[in-house]
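Participant: next comes the sequence, and after it the predicted model I'd like to discuss.
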Amino acid sequence: MDVAPNGIIRRMSKNVSPSVLSALPAVAVVAWLAVIWLWSAGPFFLTFDDAFYYFEIARNIGEGHGSTFDRINPTNGYHPLWMVLCVPLFATGAEGLMPVRVVLSLQAIAWAAVLYALGRAVVGAVGDRPVPRGAWLVAFGALAALTSGAMAMKCIVNGLETTLLVSALAGLLIVGLRTEGDLLARPLVAASLLSVGVLARTDVVFLVAVVAVQSLLSLRGRWPELLKLLVPPAVTTAVYMGVNLQLFGHLTQVSGDLKRVGPSWGGMATVFGIGLIVFLGARATRNATGDSFPRLVRVVRSTGFMGLHVGVLLAYYLGFQSFPRLWYFGPVLLWTAVLIVPLALDLAEKAVEESEHGEGRALATIGGILLIPLVAGFGVQAKGVVEDTLTPVRLASRSAATWINDNLPADAVLGSWDAGVVGYFTHARIINLDGVVNSHDYLAAMRDHTAGPFLAERGLSYLVNHSDVEEGLHETAELFLGLEMMQDMEELQRWEFTFTGSTNKAEHGEHQMAVFLYEL
């Protein structure tokens with residue numbers, strides 16, 4: 001039996017069409033449903049603490065408390081369309097991890113559908129050129145490895161708005177692939193997708209600006225089409241900001257205002273470097289003849305608007321945000337996923353043409369070059385799933401929430417800097433102390449160093465958060481609340497756990513930590 005890589009590639013791809021092989025990434029993603037449903041800590045592994053902000057706010061909206069996390073302070077610290085979709089599920093009274101598993105399952109299915117649709121669109125865009133047998137298997141195998149690893153799943157399938165965002169952007173990419181990058185050829189479809197994208201995640205306004213500039217440069221008198229393309233997302237953005245102003249007194253989200261930082265030398269250097277890379281990449285693509293990488297050049301030209309958007313996102317979040325998070329970069333993963341297929345096909349074609357050892361050996365070599373790093377990364381990430389090193393803090397937070405429900409007064413007001421999980425699982429009111437899902441008034445108090453009196457007026461009586469077992473919460477509490485408010489803090493309970501990784505204060509390694517509960 002032929003078990004060499006070239007033999008495997010030859011047998012698996014012998015009579016399978018590219019359209020069928022394009023389902024490989026979707027199948028790999030759907031396999032994660034087993035992790036979501038069969039592993040007790042699976043939802044904690046995939047989600048971030050911020051996802052539980054959505055779930056708790058959605059529950060509060062459904063119960064008539066309004067747009068609030070703590071039932072004390074109003075908040076607009078979220079992206080609107082994902083919240084609209086979360087409210088019906090979490091307003092039913094469903095508690096615990098069951099609704100979270102449902103959300104993650106729907107996200108996994110949506111991500112699988114996105115990858116399948118994009119795969120089919122790429123096949124349609126570049127499939128007119130003959131390709132060596134087996135090259136499609138290599139290409140979609142690489143795509144599956146890229147998009148179904150643990151980090152990719154946490155980037156997209158995480159209880160946050162990212163899946164909704166990449167679904168809208170994938171639709172826009174498909175329009176680009178079918179029109180060779182001319183979005184004015186399908187202005188209403190593109191406009192609808194841009195509008196959904198803005199409501200899914202408001203940084204899509206950068207993409208709207210990119211599309212506007214590109215469309216103006218290639219207008220050729222098509223003003224009606226330009227208006228159809230740009231007016232709907234512009235109106236959507238204006239209406240959203242107007243609603244914010246009416247309900248919360250500010251045009252923008254408190255979470256974005258909190259995380260935004262002013263210019264710095266490091267930030268400006270980052271922006272300049274990314275801008276230079278984008279400029280050189282755009283210039284190389286424009287001047288490329290397509291002889292060496294014909295499929296890749298065609299796809300880059302058809303989806304160049306997304307490449308420019310990715311550059312703007314990287315510059316903004318790495319240069320002007322205090323703490324970029326993984327899910328901010330969903331569009332980066334999405335565009336990379338679109339490019340890896342034509343890149344693999346071009347490499348395969350070139351390798352077969354230059355090979356002296358036959359088609360199978362050449363394809364196995366290219367498959368190794370593309371797949372070995374991706375599969376190795378997949379394996380390293382899978383090790384984290386098996387060892388369960390990333391979920392202990394959330395399990396400890398859930399235990400703390402249960403204890404709070406059973407032992408603290410029903411009207412207790414607690415504060416936490418990582419309030420998502422503990423806030424979701426407890427019936428008590430928990431104020432988010434870092435301000436991400438608090439009010440604009442609290443953000444102003446933080447900047448004026450009057451957060452302590454602000455919180456005292458709202459009855460803050462307890463603190464709950466994780467920290468190193470040796471440090472506790474005293475240093476952070478003094479920074480946020482002031483010495484007078486926290487000087488008589490008394491520890492009521494702690495839930496210890498071992499965390500493997502890096503923290504804000506410590507390098508990567510094994511750390512003894514605990515979720516602490518203090519009474520002020």
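Facilitator: Good, I have the coordinates.
Participant: ok, the residue nearest to D49 when sequence neighbours are not counted - contacts?
Facilitator: Among residues not flanking D49 along the chain, G420 sits closest, at 3.7 Å (CB to CB, 6 or more residues apart in numbering). From N, CA and C alone the C-beta is placed, and that goes for glycine too. Residues counted as contacts of G420 (CB atoms under 8 Å, 6 or more residues apart in numbering) are F48, D49, D50, A51, F52, Y53, E56.
Participant: check G420 and give its pLDDT.
Facilitator: Here the pLDDT value assigned to G420 is 94.
Participant: give me the phi and psi for it.
Facilitator: phi -60, psi -60 (degrees, to the nearest 10).
Participant: now R59
Facilitator: The phi/psi pair for R59 (degrees, to the nearest 10) reads phi -60, psi -40.
Participant: any idea how many residues pack against it?
Facilitator: A count of neighbours around R59, defined by other CB atoms under 10 Å, yields 22.
Participant: I'd guessed it sits against F90; true?
Facilitator: Yes. Here R59 reaches F90: they are 4.4 Å apart, a contact under CB atoms under 8 Å.
Participant: what's the following helix or strand after the helix or strand bottoming out on mean pLDDT in the chain?
Facilitator: Here the helix or strand of the chain ranked lowest by mean pLDDT, DSSP states H and E is helix 5-12, holding a mean of 49. Toward the C-terminus, helix 5-12 is succeeded by helix 18-21 as the next helix or strand (DSSP states H and E).
Participant: other SSEs contacting that next one?
Facilitator: The elements that helix 18-21 packs onto, with contact taken as 3 or more CB pairs under 8 Å, 6 or more residues apart in numbering; DSSP states H and E, are helix 98-126, helix 135-147.
Participant: quick one: mean pLDDT over the first one.
Facilitator: The one in question is helix 98-126. Averaged over helix 98-126, pLDDT sits at 95.
Participant: now that helix: buried residues?
Facilitator: Going by neighbour count (16 or more other CB atoms under 10 Å), the buried part of helix 98-126 is 99-101, 103-105, 107-112, 114-123, 125-126.
Participant: swap in stretch 130-139?
Facilitator: Neighbour-count burial for stretch 130-139 [16+ other CB under 10 Å]: V131, P132, R133, G134, A135, W136, L137, V138, A139.
Participant: so what's the residue sitting nearest the centre point of the chain up against?
Facilitator: Centre of the chain computed as the mean C-alpha position; nearest residue by CA atoms, centre = their mean is W327, 2.1 Å away. Going by CB under 8 Å, 6+ apart, W327 touches F48, K154, C155, I156, N158, L160, E161, T162.
Participant: for this protein, which residues score under the pLDDT cut-off?
Facilitator: Along the chain, the model assigns pLDDT under 70 to residues 1-16, 133, 289-290, 352-390, 483, 501-508.
Participant: break down it into its strands, ranges please.
Facilitator: Along the chain, the segments classed as strands by DSSP state E run 413-416, 429-432, 462-468, 490-501, 509-519.
Participant: the closest residue to W335 other than its chain neighbours: how many residues sit nearby?
Facilitator: Leaving aside its sequence neighbours, W335 sits nearest to M306 (CB to CB, 6+ apart; 4.7 Å). Using other CB under 10 Å, M306 has 25 neighbouring residues.
Participant: which one of the buried residues of stretch 130-139 is nearest to T476?
Facilitator: A139 (48.7 Å; CB to CB).
Participant: wouldn't that closest one be in contact with D346 here?
Facilitator: No. Using CB under 8 Å, A139 is not in contact with D346; the gap is 9.6 Å.
Participant: just to revisit the earlier point, nearest to V231, of the helices and strands packed on helix 18-21?
Facilitator: If we rank these by CB to CB, the stretch that ends up nearest is helix 98-126, at 26.2 Å.
Participant: angle of the closest one against helix 135-147?
Facilitator: Angle, helix 98-126 to helix 135-147, by axes from the mean of the first three to the mean of the last three CA atoms, to 10 degrees: 150 degrees.
Participant: from the chain's centre, how far out does helix 98-126 sit?
Facilitator: On the basis of CA atoms, centre = their mean, to the nearest Å, helix 98-126 sits 14 Å off its chain's mean C-alpha point.
Participant: to A269, which of the strands of the chain lies closest?
Facilitator: Among these, the nearest to A269 by CB to CB is strand 490-501 (28.0 Å).
Participant: gap between E484 and P453?
Facilitator: As judged by CB to CB, to the nearest Å, E484 and P453 stand 10 Å apart.
Participant: touching both of those two, which residues are there?
Facilitator: Counting by CB under 8 Å, 6+ apart, nothing touches both E484 and P453.
Participant: between these two, tell me which one has more neighbours.
Facilitator: When neighbours are counted by other CB under 10 Å, E484 and P453 differ, and P453 comes out ahead with 14 against 11.
Participant: excluding its backbone neighbours, what's nearest that one?
Facilitator: Distance criterion CB to CB, 6+ apart; nearest residue to P453, sequence neighbours excluded, is A445 at 7.7 Å.
Participant: what does A288 give?
Facilitator: Beyond its immediate neighbours in the sequence, the residue positioned closest to A288 (CB to CB, 6+ apart) is V297, lying 4.8 Å away.
Participant: ditto for S302
Facilitator: Excluding the flanking residues, the one nearest S302 by CB to CB, 6+ apart is G181, at 4.3 Å.
Participant: now the phi/psi pair for that neighbour, please.
Facilitator: Main-chain dihedrals, G181, degrees, to the nearest 10: phi 90, psi 0.
Participant: tally up the residues packed near it, please.
Facilitator: By other CB under 10 Å, the residues close to G181 number 21.
Participant: these two touch, right, it and R298?
Facilitator: No. Using CB under 8 Å, G181 makes no contact with R298, being 9.5 Å away.
Participant: list the residues that contact both of those two?
Facilitator: Between them, G181 and R298 share no contacting residue under CB under 8 Å, 6+ apart.
Participant: looking at the strands of the chain, which is nearest to R186?
Facilitator: Using CB to CB, the nearest of those to R186 is strand 429-432, at 41.6 Å.
Participant: got a list of contacts for the closest one?
Facilitator: The contact list for strand 429-432 (CB under 8 Å, 6+ apart) reads 53, 69-73, 75, 411-417, 419, 422-423, 438, 455, 458, 460, 464.
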